[in-house]
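Participant: Got a predicted structure plus its sequence, pasted below:
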Amino acid sequence: MGRRSERLSRQGMLASETGDGDVIQVVSRAFDVLRCFEGHEARLGNLEISNRCGLPRSTVSRLTHTLTRMGQLVYLPRDQKYRIGPSAVAMSTTMMKGLQLRNLIRLRLQDVADQLPGTVGFVIPDRFHLVYLEFARAANALGLHEATGSRISMATTAAGHAYTAALDPAVGDALIAEMEGELPDSAKMLTPRIEANRRHLQEHGYVVACGLWSPHINGVAVPLWSPQYQTYVVTTIGLLSAMYDEARLHREVAPQMVELAAALGSLLEGADGDIFSNRIERKSLPVTAHNNNKIIKTGAVNELEAGTRRPRPPRSVRAGDGRR
């Protein structure tokens with residue numbers, strides 16, 4: 001569905017479902033659907049949502065489809081259910097501090113930050129940006145001061161270049177094409193680099209970006225598959241270019257970041273349910289042997305909402321706003 005037809009569809013829903021007063025019913029009902037995911041039952045089907053919020057199943061189906069397209073929900077084909085999506089998580093990061101898995105992720109990031117004088121982050125996609133879910137910083141880090149909840153551009157960061165390179169080429173190209181309509185300058189930065197990024201990611205397992213966000217900052221990023229959110233998340237580091245030129249990034253920084261991504265992948269794979277659930281059993285997490293020629297992924301199957309099933313490793317994924 002194109003952007004024009006999607007907007008018309010949404011306008012039609014608004015016209016047919018607007019009630020009295022100042023309350024737009026479709027917006028209120030969308031939040032009712034999202035509220036159904038509170039508590040320990042993270043996965044819900046349309047019938048369960050309908051029963052919980054008292055809405056007709058046909059209305060729930062339209063709402064969950066739209067919320068999935070927006071990244072507020074993700075569809076889990078194996079379960080035929082939905083769960084909270086990356087965009088909803090990205091908007092609520094300030095409300096989710098101190099949970100156990102995030103603490104474990106932060107410790108892993110800090111291990112790297114203690115060895116390298118930069119800012120290490122764990123980010124999740126949200127439309128044409130990425131959002132820091134966790135970060136760690138060396139005591140002597142200079143130049144970068146990102147924090148939990150900070151939004152960064154896909155076009156000007158190593159994390160964004162790694163994320164777009166990890167997507168299936170058709171999905172990545174569609175994302176850049178849509179970006180051209182809304183953020184043409186960003187699309188112009190990504191387009192000439194995307195093929196080289198894809199090749200380097202396939203051959204070495206990471207992406208380097210030098211001087212894009214600032215001439216004084218260079219970065220390394222590694223994407224990894226999140227089975228919880230059916231998309232790629234990224235671990236990244238930014239360092240002063242005066243201290244770490246591109247050759248030094250490849251030689252000294254990239255191996256540590258690939259190892260970090262393997263450890264985070266083990267954390268995600270071992271998490272029972274939501275990435276932010278506080279019902280995580282702490283486990284020993286040895287870094288498993290990995291092949292630098294492959295993108296780091298966790299999870300067994302990536303099945304798209306249309307019902308297509310394909311074995312691991314998954315490559316065709318939804319972008320942060322629900323695009324396929």
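Facilitator: Now that the structure is in, tell me what you want to look at. Numbers count the residues shown, from 1 in each chain.
Participant: Just give the closest residue to residue 140, not the sequence neighbours.
Facilitator: Take residue 140 and drop its neighbours on the chain: the residue closest to it by CB to CB, 6 or more residues apart in numbering is residue 117, 5.0 Å away. Placement of C-beta: from N, CA and C, glycine included.
Participant: ok, that neighbour touching residue 239?
Facilitator: Yes. Judged on CB atoms under 8 Å, residue 117 makes contact with residue 239 at a distance of 6.8 Å.
Participant: thinking again about what came up before, is the residue nearest to residue 140 located within a strand, as I assumed?
Facilitator: No. Counting by DSSP: H, G, I helix; E, B strand; the rest coil, residue 117 is not part of a strand but coil.
Participant: so how many other residues sit close to it?
Facilitator: Close neighbours of residue 117, defined as other CB atoms under 10 Å, add up to 17.
Participant: what's the answer for residue 168, then?
Facilitator: For residue 168, the count of nearby residues is 13 (other CB under 10 Å).
Participant: ranges for the strands of the stretch 1-150 of the chain?
Facilitator: For the stretch 1-150 of the chain, the strands defined by DSSP state E, counting those that start in this stretch occupy 73-76, 81-84, 119-126, 129-137.
Participant: Tell me which of those sits nearest to residue 104.
Facilitator: Among the strands of the stretch 1-150 of the chain, strand 129-137 comes nearest to residue 104, with 9.7 Å by CB to CB.
Participant: Okay, now the sheet partners of that closest one, with direction.
Facilitator: If you go by DSSP bridges, strand 129-137 pairs up with strand 119-126 (antiparallel), strand 151-153 (antiparallel).
Participant: Distance from the chain centre to the longest one, please.
Facilitator: When you say that, I think you mean strand 119-126. When distances are taken as CA atoms, centre = their mean, to the nearest Å, strand 119-126 is centred 8 Å away from the chain's centroid.
Participant: Show me which positions of it end up buried.
Facilitator: Residues of strand 119-126 classed as buried: 119-126 (neighbour count, 16 or more other CB atoms under 10 Å).
Participant: The shortest one now?
Facilitator: By neighbour count, with 16+ other CB under 10 Å as the criterion, the buried positions of strand 151-153 are 152-153.
Participant: which element follows it toward the C-terminus?
Facilitator: Going down the chain from strand 151-153, the next helix or strand is helix 158-166, by DSSP states H and E.
Participant: and that next one, C-alpha only, in CSV?
Facilitator: The C-alpha coordinates for helix 158-166 follow below in CSV (Å, rounded to 0.1, in the frame of the first residue of the first chain):
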residue,chain,number,x,y,z
ALA,A,158,27.8,3.8,11.9
ALA,A,159,24.7,2.3,13.6
GLY,A,160,22.4,3.5,10.9
HIS,A,161,24.7,2.3,8.1
ALA,A,162,25.0,-1.1,9.8
TYR,A,163,21.2,-1.4,10.2
THR,A,164,20.4,-0.6,6.6
ALA,A,165,23.1,-2.9,5.4
ALA,A,166,21.7,-5.8,7.4
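Participant: gap between that helix and the chain center?
Facilitator: Centroid separation for helix 158-166 versus its chain: 11 Å, with CA atoms, centre = their mean.
Participant: can you pull out the helices in the stretch 151-300 of the chain?
Facilitator: Along the stretch 151-300 of the chain, counting by DSSP state H, counting those that start in this stretch, helices occupy 158-166, 169-182, 184-190, 194-204, 246-248, 254-270.
Participant: Packed most tightly, which of these would that be?
Facilitator: Stretch with highest mean neighbour count among the helices of the stretch 151-300 of the chain: helix 158-166 (a mean of 29; mean count of other CB atoms under 10 Å).
Participant: could you check the angle helix 194-204 makes with it?
Facilitator: Relative orientation of helix 158-166 versus helix 194-204 (axes from the mean of the first three to the mean of the last three CA atoms, to 10 degrees): 90 degrees.
Participant: Give the rounded mean pLDDT of helix 158-166.
Facilitator: Across helix 158-166, pLDDT averages out at 97.
Participant: which residues are in contact with it?
Facilitator: Contacts to helix 158-166, defined as CB atoms under 8 Å, 6 or more residues apart in numbering, come from residues 121, 123, 125, 129-130, 152-154, 172, 175-176, 190, 193-194, 197-198, 200-201, 206-209, 212, 218-223, 232, 234, 236-238, 295, 317.
Participant: quick check: angle from that helix to helix 169-182?
Facilitator: Counting by the same axes, to 10 degrees, helix 158-166 lies at 130 degrees to helix 169-182.
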